[in-house]
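> just need the structure, nothing else, for what follows:
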Amino acid sequence: MLSLQPKKLFKIAVSQKKIQTLKEFGVFISTGIGGFNTIQDQCAIHCIKGNNRVSPMFIPMSIANMPAGNVAIELGLKGESISIVTACASSTHAIGEAYKTIKYGAEDVILTGGTEAAICQVGIAGFENMKALATVTDKNRASIPFDKERSGFVMGEGAGVLVLEELDHALKRGAKIYAEVVGYGATTDAYHITSPAPEGEGGARAMKRAIQDANLKPEEIDYINAHGTSTKLNDSCETMAIKSALGEASKNVMVSSTKGNIGHLLGAAGGVEAIFCAKAIQDKKVPPTINYQEKDEECDLDIVPNEVRNQEIKVAMSNSLGFGGHNASIILKKYEN
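Here you go, the predicted structure:
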């Protein structure tokens with residue numbers, strides 16, 4: 001039987017500055033789907049022109065581990081390199097697992113987050129036919145998390161990547177520290193391939209695990225960047241999950257979904273939203289849930305509607321909930337030396 005113990009107690013920083021040592025520098029960059037455009041294009045070529053015209057680069061351009069692999073090759077990073085595929089929770093899982101890997105002393109620094117480019121004919125058709133996408137034509141009423149008239153999300157593309165680093169290592173090289181990663185929780189609904197568990201039970205357990213891992217009390221959470229997809233089930237279930245995880249403290253916590261601003265980046269969502277949290281802590285500004293008009297009694301949290309709120313944030317949580325029942329929560333904290 002093997003057991004793992006941290007080699008020492010320490011904190012993990014989200015930092016910025018050039019790093020010289022690359023052998024203890026890992027890459028945990030995820031995607032939820034992989035090269036969807038490549039898959040679509042090469043399948044069409046196969047159907048029209050036959051086997052011999054399919055690109056020899058089809059496989060390496062489409063498999064989901066290539067974000068981490070290509071970044072490692074490009075930058076010469078020779079630590080552990082993995083991509084975690086858990087649908088819309090992929091990059092939050094990547095950040096959480098990077099945090100754990102540094103915590104147990106396997107790496108000093110990890111480049112972590114996610115990337116996604118799934119806007120193509122097949123991708124849009126698939127999400128549209130499962131009734132996940134908004135169909136309204138008014139751009140200001142399309143992605144409206146927690147609004148009673150929400151009807152689905154708007155697809156986004158992009159990437160969000162952070163440098164996670166053991167605190168002493170960051171301090172020795174004089175890195176700028178944006179925030180600390182202090183907690184991580186992950187669970188599975190074991191319920192349905194697309195629908196969240198009733199009352200957000202799985203998401204609530206992930207949040208509780210993250211709070212326990214951070215050695216915090218629920219009332220110490222100032223802000224939650226919600227998964228908030230603007231779908232009927234997600235937003236109501238996540239509201240129930242937050243209430244379950246935080247109890248009475250849920251009445252005071254600020255909650256917003258930034259997917260109204262940038263769309264749903266699928267496997268990259270958690271990476272971008274972790275950056276929102278770090279910047280909210282640094283700038284003392286809570287990002288709003290924009291385009292909010294109609295109150296939903298099932299989503300009765302303080303969702304910071306429409307306007308940036310100027311307020312100090314010491315502790316922020318970011319939630320990601322993926323198809324297949326994958327739930328992940330991370331907690332960032334203001335760095336105070």
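> from here on, contacts and neighbour counts on C-alpha atoms
Fine.
> beyond the helix or strand where Y184 lies, next helix or strand please.
Per DSSP states H and E, Y184 falls inside strand 176-188. Heading C-terminal from strand 176-188, the first helix or strand you meet, by DSSP H and E, is helix 201-213.
> distance from that following helix to the middle of the chain?
15 Å (Cα atoms, centre = their mean, to the nearest Å).
> show me what that helix is packed up against.
For helix 201-213, the packing partners by 3 or more Cα pairs under 8 Å, 6 or more residues apart in numbering; DSSP states H and E come out as strand 176-188, helix 232-246, strand 326-333.
> direction included, what does the strand holding Y184 pair up with?
If you go by DSSP bridges, strand 176-188 pairs up with strand 12-16 (antiparallel), strand 326-333 (antiparallel).
> rank those strands by mean pLDDT and give me the bottom one.
Across those, strand 12-16 has the smallest mean pLDDT, namely a mean of 62.
> state the distance from the spatially most central residue of the chain to E74.
By Cα atoms, centre = their mean, the mean C-alpha position of the chain lies nearest to G270, the distance being 1.2 Å. G270 sits at a distance of 23 Å from E74 (criterion: Cα to Cα, to the nearest Å).
> re the thing from before, among the helices and strands packed on helix 201-213, which comes closest to A134?
helix 232-246 (10.9 Å; Cα to Cα).
> quick check: phi and psi on R309?
phi -110, psi 120 (degrees, to the nearest 10).
> quick one: contacts for it?
K285, V286, P287, P288 (Cα atoms under 8 Å, 6 or more residues apart in numbering).
> need the contact list for the first one.
Applying Cα under 8 Å, 6+ apart, one finds that K285 lies in contact with K279, V308, R309, N310, Q311, E312, I313.
> same check, this time on the third one
Taking Cα under 8 Å, 6+ apart as the contact definition, P287 lies against S256, T258, F276, A280, V304, E307, V308, R309.
> if we can go back for a sec, now pLDDT and secondary structure too, for the contacts of R309, in CSV please.
Conversion of the contacts of R309 to CSV gives the following (pLDDT from 0 to 100; DSSP: H, G, I helix; E, B strand; the rest coil):
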residue, pLDDT, secondary structure
K285, 98, strand
V286, 98, strand
P287, 98, coil
P288, 98, coil
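> among these, find me the one that's closest to M57.
Of all the contacts of R309, M57 sits closest to P287, with 40.6 Å by Cα to Cα.
> where does the closest one fall, phi/psi-wise?
phi -70, psi 140.
> tell me the spacing between it and N252.
According to Cα to Cα, P287 and N252 sit 16 Å apart.
> got the domain boundaries for the chain?
Annotated domains of the chain cover 12-129+161-171, 183-333 [automatic domain parsing].
> highest average neighbour count across those domains?
Across those, the average number of neighbours (mean count of other Cα atoms under 10 Å) peaks for domain 183-333, which reaches a mean of 22.
> how far does that domain stretch from start to finish?
With Cα to Cα, one end of domain 183-333 sits 9 Å from the other.
> and if you look at stretch 151-169?
By Cα to Cα, one end of stretch 151-169 lies 46 Å from the other end.
> return the distance of it from the chain's centre.
Offset of stretch 151-169 from its chain centre (Cα atoms, centre = their mean): 6 Å.
> same question, stretch 24-35
Mean-position distance between stretch 24-35 and its chain equals 13 Å (Cα atoms, centre = their mean).
> tell me the mean pLDDT for the strand holding Y184?
Averaging pLDDT along strand 176-188 gives 97.
> show me the contact partners of that strand.
11-17, 93, 96, 99, 170, 202-203, 205-215, 278-279, 281-282, 325-335.
> please apply the same query to stretch 40-54.
For stretch 40-54, contacts defined as Cα under 8 Å, 6+ apart pick out S55, F58, C120, Q121, V122.
> mind putting those residues in TSV, pLDDT, secondary structure and distance to S143 included?
Compiled in TSV, the contacts of stretch 40-54 are given as follows (pLDDT from 0 to 100; DSSP: H, G, I helix; E, B strand; the rest coil; distance: Cα to Cα, whole Å):
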residue	pLDDT	secondary structure	distance to S143
S55	97	coil	37
F58	96	helix	33
C120	97	coil	19
Q121	97	helix	20
V122	96	helix	21
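> how about G26, phi and psi?
Main-chain torsions, G26, degrees, to the nearest 10: phi -90, psi 170.
> ok, it - contacts?
Going by Cα under 8 Å, 6+ apart, G26 touches A72, L77, K78, G79, E80, S81, E107, V109, I110, L111.
> ok so T115 is a helix residue?
No: secondary structure assignment (DSSP: H, G, I helix; E, B strand; the rest coil) places T115 in strand, not in a helix.
> from A170, how far out is it?
Distance of T115 to A170, given as Cα to Cα: 25 Å.
> where in the protein is pLDDT low?
Residue ranges of the chain with pLDDT under 70: 1-23.
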